[in-house]
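Q: pasting a predicted model and its sequence here:
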Amino acid sequence: MPDTPITLRLTIADPVPGVRYSLQQDDAPHEPVTAADGPISFDVPVRLSDDNRVLGPFVRREGPQRRFVYIRIGTSAGDCGSVWTRRAKIDIHDIPPALLDEARAGRTLEVVLPGRGKDGSPACATVQPMAAWRAI
């Protein structure tokens, strides 16, 4: 059976205004946006294999199980004048199988992420969701 295309939505609840964010496709920024006063979202087209592995040009791997997507920030997102050079790692290997079934049925899976670290700068490294993944 061929892989099923699904959409993951990564929503940054409180990005730092004026900072550029983008997805990382392969090893380059993809469709960067500059944050204003409000949330920003990235729809990530991926493929879901029969055994629930998430695949595609936006998906990175570590070891046999871990899968994640990078959000690039500042200079990493193509803003040469930014003071920030960061990436946020969003784990996707732990999305519950029941939600993956809903995605197979055509629903988008969304996770809401914090946009700022404790010091108010853009969140980076492995970013923990503010709430669990949900089907929308």
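A: Okay, I see it.

Q: so where's this protein shaky on pLDDT?
A: 1 (pLDDT under 70).

Q: quick one: which helix or strand includes Gly106?
A: Following DSSP states H and E, there is no helix or strand that holds Gly106.

Q: just to be sure, Arg87 is in a strand?
A: Yes. Under DSSP: H, G, I helix; E, B strand; the rest coil, Arg87 falls within a strand.

Q: give me the residues contacting stretch 62-72.
A: For stretch 62-72, contacts defined as Cβ atoms under 8 Å, 6 or more residues apart in numbering pick out 8, 10, 12, 21-24, 29, 32, 42, 44, 53-54, 58-61, 78, 86-93, 126. Just so you know, the C-beta spots here come from the backbone N, C-alpha and C atoms, and that holds for glycine as well.

Q: of those, keep whichever come out buried.
A: Buried by 16 or more other Cβ atoms under 10 Å: 8, 10, 12, 21-24, 29, 42, 44, 53-54, 58-59, 86-93, out of the contacts of stretch 62-72.

Q: which ones among these lie within strands?
A: 8, 10, 12, 21-24, 29, 42, 44, 54, 59, 86-91 (DSSP state E).

Q: for the spatially closest residue to Arg104 that is not a sequence neighbour, phi and psi?
A: Closest residue in space to Arg104, ignoring its immediate chain neighbours: Thr4 at 5.1 Å, by Cβ to Cβ, 6 or more residues apart in numbering. Main-chain dihedrals, Thr4, degrees, to the nearest 10: phi -100, psi 130.

Q: and Thr4, how many neighbours does it have?
A: Neighbour count for Thr4, taken as other Cβ atoms under 10 Å: 15.

Q: no more questions from me, cheers.
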